[in-house]
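Visitor: What follows is a predicted structure for the sequence shown.
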Amino acid sequence: VEPEPFDRWAASPRLERAWFRPTGRFAFALVRSDTFALGVYEGDERVSFEGFDSDVKEAHSKGGFSQGRFERRREGQIDDHVKRAREVLDDLDDVDRTIVVGERSVLGDVRDLADHTDVTDATGRPEAALDDAFRDFWTTRVYAI
């Protein structure tokens, strides 16, 4: 979560906790083409969870008309999954902000419902994937020179 631009001279760097750690009441969601998970957090404590998997066909190795039909079916399944995820995100209330992470291929479809977005490779069942994505999002590398 990037800070607002600022200019300030001081004897030490300005590193506010809110830039690196979860604060306030917020929604954190993971959206993948086949997995959706949403947690509402107060600070770093999750107070609610909702998640689901969708049956999305895996890759097709054949060619020709069969592959085209397969790809159209797969794209339709992904569209249905993302539509369902959008409905859940759209119903959110009583949160300060919404953070959505996930696959680059579907993040664009939910970006308008989020205050912050980021790409993650978290996988697995919805609750475990959400925990992994949450940890990944709030991990910061600090480089000292």
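Guide: Nice, thanks for sending it over.
Visitor: quick one: least confident helix or strand in the chain?
Guide: helix 17-20 (a mean of 74; mean pLDDT, DSSP states H and E).
Visitor: What's the per-residue pLDDT of the most centrally placed residue in the chain here?
Guide: Nearest to the mean C-alpha position of the chain, by C-alpha atoms, centre = their mean, lies Val101 at 1.9 Å. Listed pLDDT for Val101 reads 97.
Visitor: Same check on Tyr143?
Guide: 76.
Visitor: Can you give me every residue that contacts it?
Guide: Residues in contact with Tyr143 (C-beta atoms under 8 Å, 6 or more residues apart in numbering): none are found. Yep, even glycine has a C-beta here, placed from its N, CA and C like the rest.
Visitor: how close does it sit to Leu15?
Guide: According to C-beta to C-beta, to the nearest Å, Tyr143 and Leu15 sit 13 Å apart.
Visitor: tell me the mean pLDDT for the longest helix along the chain?
Guide: In the chain, taking DSSP state H as the definition, the longest helix is helix 64-90. Helix 64-90 carries an average pLDDT of 81.
Visitor: Buried residues in it, which are they?
Guide: Buried residues in helix 64-90, counted by 16 or more other C-beta atoms under 10 Å: Phe70, Arg74, Gln77, Ile78, His81, Val82, Ala85, Arg86, Val88, Leu89.
Visitor: Against Ser54, how distant is the fifth one?
Guide: Pointing back at His81 there. From His81 to Ser54 the distance is 4 Å (C-beta to C-beta).
Visitor: what residues are shared contacts of those two?
Guide: Contacts common to His81 and Ser54, judged by C-beta under 8 Å, 6+ apart, are Asp34, Phe36.
Visitor: Let me know the secondary structure of the residue nearest to the centre of the chain.
Guide: The assignment at Val101 comes out as strand when based on DSSP: H, G, I helix; E, B strand; the rest coil.
Visitor: you'd agree it is up against Arg135?
Guide: No: under the criterion of C-beta atoms under 8 Å, Val101 is not in contact with Arg135, lying 11.1 Å apart.
Visitor: do you know how far Val142 is from Trp19?
Guide: Distance from Val142 to Trp19, by C-beta to C-beta: 11 Å.
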